[in-house]
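Asks: Predicted model follows, preceded by the sequence.
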Amino acid sequence: MTSPLTRIVGFAQAWLLSSVATRLVRAPKVVLTSREVGAPVTVLVPTRHGDVRCSIVRATPGAPLARETARPPVHINIHGGAFLVGAPQQDEHLVRGIAGEVGATVVNVDYSASPRTRYPQAHEECHDVLRWVQRSADAMGWDGARVSIGGTSAGGNLALGALELARRAGDPPLRAAILLVPSVDQTLPPEQYTSPLPGTGGRAHRPFVSPRLVRLVQDHYFADAARRTEPPASPVLGDEEISALPPLLVVSAEQDAMRPQIERFVTKARDRGVTLTHHCARGVDHGFPQSSKQSDRAAVRELAELVRVHLTEHLA
């Protein structure tokens with residue numbers, strides 16, 4: 001049983017990580033579109049937990065799906081950060097790439113982060129943003145019938161959770177989903193989060209997603225252990241839930257401690273007939289989509305091209 005002192009120390013660590021990282025995290029300086037992309041506009045979207053701030057980047061004229069005679073489709077982006085970091089700005093390069101190269105308007109969601117909130121609040125906020133997007137076509141000037149959703153890491157989990165909550169509510173289906181190094185199993189003990197690679201020079205590779213970080217996530221956002229088996233929390237455990245998913249693009253990372261659970265999810269989704277493209281980025285770890293390392297740039301550009309192809313096909 002966890003002692004009161006241990007709980008206090010853990011909460012302080014989670015609060016510090018959330019507060020500091022939220023202020024410091026920035027998108028890498030990599031340009032993923034050659035077109036001029038407009039500045040984001042901030043809106044407050046009403047949800048069952050209060051207003052959620054979202055930034056909207058409009059589809060760029062001249063991009064494939066930004067036709068002059070039709071409203072553009074919409075992609076909902078949900079950032080990562082271990083459910084602790086409230087930093088949607090970390091995905092600005094991906095958001096601008098989608099607006100400029102796909103021609104979709106992008107809604108970037110600033111959901112509530114732990115330890116101030118616990119499961120399922122962020123999942124429900126993302127679902128409510130999804131419903132708002134679908135219902136606000138006339139007011140916002142986009143096509144509410146051509147909607148996709150996606151996210152990185154915790155954001156991938158939240159995207160899948162929003163899709164499941166939408167299925168339960170009988171909401172209209174989405175055209176596509178993008179899952180970048182998604183967290184799909186909250187039932188695994190922290191000790192199982194080890195790199196699938198041996199490392200180099202006699203040293204074990206130290207994974208980006210460490211047991212300590214997983215413990216913070218489980219202790220604070222998924223604090224109720226009995227609810228970690230629910231499909232919105234652990235999508236890999238779903239059956240009917242997985243079968244109902246829209247066409248997926250799933251990107252994993254070779255060095256990622258989450259890679260085994262992502263591969264189990266991919267196998268299960270394919271077995272249930274889900275249209276799915278899976279790409280494993282070689283030589284990189286979990287955090288590569290938002291990495292500022294020059295060595296990760298090729299993997300980021302490859303990822304952006306996969307996203308462009310997937311959305312252009314399924315949002316057309």
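Replies: Looks like it came in fine. These numbers were taken from a predicted model, which means no experiment stands behind them.
Asks: Only C-alpha atoms from now on, for both contacts and neighbour counts.
Replies: Will do.
Asks: in stretch 41-53, what's buried?
Replies: For stretch 41-53, the neighbour count (16 or more other Cα atoms under 10 Å) marks 45, 47, 52-53 as buried.
Asks: Same check on stretch 287-303?
Replies: Of the residues in stretch 287-303, those buried (16+ other Cα under 10 Å) are 287-292, 296-297, 299-301, 303.
Asks: Can you name the residues in contact with it?
Replies: Residues outside stretch 287-303 that contact it (Cα atoms under 8 Å, 6 or more residues apart in numbering) are 27-30, 32, 90-91, 152, 180, 208, 251, 253, 281-282, 284.
Asks: isn't Pro182 right up against Ser153?
Replies: Yes. Here Pro182 lies in contact with Ser153, judged by Cα atoms under 8 Å, at a distance of 4.1 Å.
Asks: Which one's more surrounded, those two?
Replies: Pro182 (29 against 25; other Cα atoms under 10 Å).
Asks: To which secondary structure element is that one assigned?
Replies: When elements are assigned from DSSP states H and E, Pro182 belongs to no helix and no strand.
Asks: got the contact list for it?
Replies: So Pro182 contacts 151-157, 250, 252, 258, 262 (Cα under 8 Å, 6+ apart).
Asks: Likewise for Arg227?
Replies: Contacts were defined as Cα under 8 Å, 6+ apart; by that measure Arg227 touches Ala233.
Asks: That one and Asp239, how far apart?
Replies: Distance from Arg227 to Asp239, counting by Cα to Cα, to the nearest Å: 17 Å.
Asks: Next up, phi/psi of Val109, please.
Replies: Reported as degrees, to the nearest 10, the phi and psi values for Val109 are phi -90, psi 130.
Asks: give me the beta-bridge partners of it?
Replies: Counting by DSSP bridges, Val109 forms beta bridges with Cys54, Ile78.
Asks: right, and it touches Ser55 too?
Replies: Yes. Val109 is within contact range of Ser55, at 6.8 Å (criterion: Cα under 8 Å).
Asks: Looking at those two, which one has more neighbours?
Replies: Neighbour totals were compared for Val109 and Ser55, and Val109 leads with 28 against 19 (other Cα under 10 Å).
Asks: that older thread, using pLDDT, spot the least trustworthy of the buried residues of stretch 287-303.
Replies: pLDDT across those is lowest for Ser292, at 89.
Asks: hang on, that one is in a helix, isn't it?
Replies: No. Under DSSP: H, G, I helix; E, B strand; the rest coil, Ser292 sits outside any helix and is assigned coil.
Asks: now it: how far from Ala87?
Replies: Note on Ser292: its distance to Ala87, by Cα to Cα, is 16 Å.
Asks: cool, and Gly50?
Replies: To Ala87, Gly50 is 18 Å away according to Cα to Cα.
Asks: With Arg301 instead?
Replies: Counting by Cα to Cα - Arg301 and Ala87 are separated by 21 Å.
Asks: Then Ser153?
Replies: Taken as Cα to Cα, the span from Ser153 to Ala87 is 13 Å.
Asks: what is in contact with these two at once?
Replies: Common contact partners of Ser153 and Ala87 (Cα under 8 Å, 6+ apart): 79, 81.
Asks: neighbours of Gly161, just the number please.
Replies: 26.
Asks: quick one: pLDDT of it?
Replies: For Gly161, pLDDT reads 98.
Asks: Now do the buried residues in the helix or strand hosting it.
Replies: Per DSSP H and E, Gly161 falls inside helix 154-169. By 16+ other Cα under 10 Å, the buried positions in helix 154-169 come out as 154-167.
Asks: is it possible to export the residues you listed to TSV including distance to Ile98?
Replies: Shown next, in TSV, are the buried residues of helix 154-169 (distance: Cα to Cα, whole Å):
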residue	distance to Ile98
Ala154	20
Gly155	17
Gly156	17
Asn157	20
Leu158	19
Ala159	17
Leu160	20
Gly161	22
Ala162	20
Leu163	20
Glu164	24
Leu165	25
Ala166	23
Arg167	25
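Asks: Leu237 reaches Asp185, doesn't it?
Replies: Yes. Counting by Cα under 8 Å, Asp185 is a contact partner of Leu237 at 7.5 Å.
Asks: okay, these two: which has more neighbours?
Replies: Using other Cα under 10 Å, the more surrounded residue of Leu237 and Asp185 is Asp185, with 23 against 20.
Asks: Give me the spatial nearest neighbour of Val129, chain neighbours excluded.
Replies: Val45 (6.5 Å; Cα to Cα, 6 or more residues apart in numbering).
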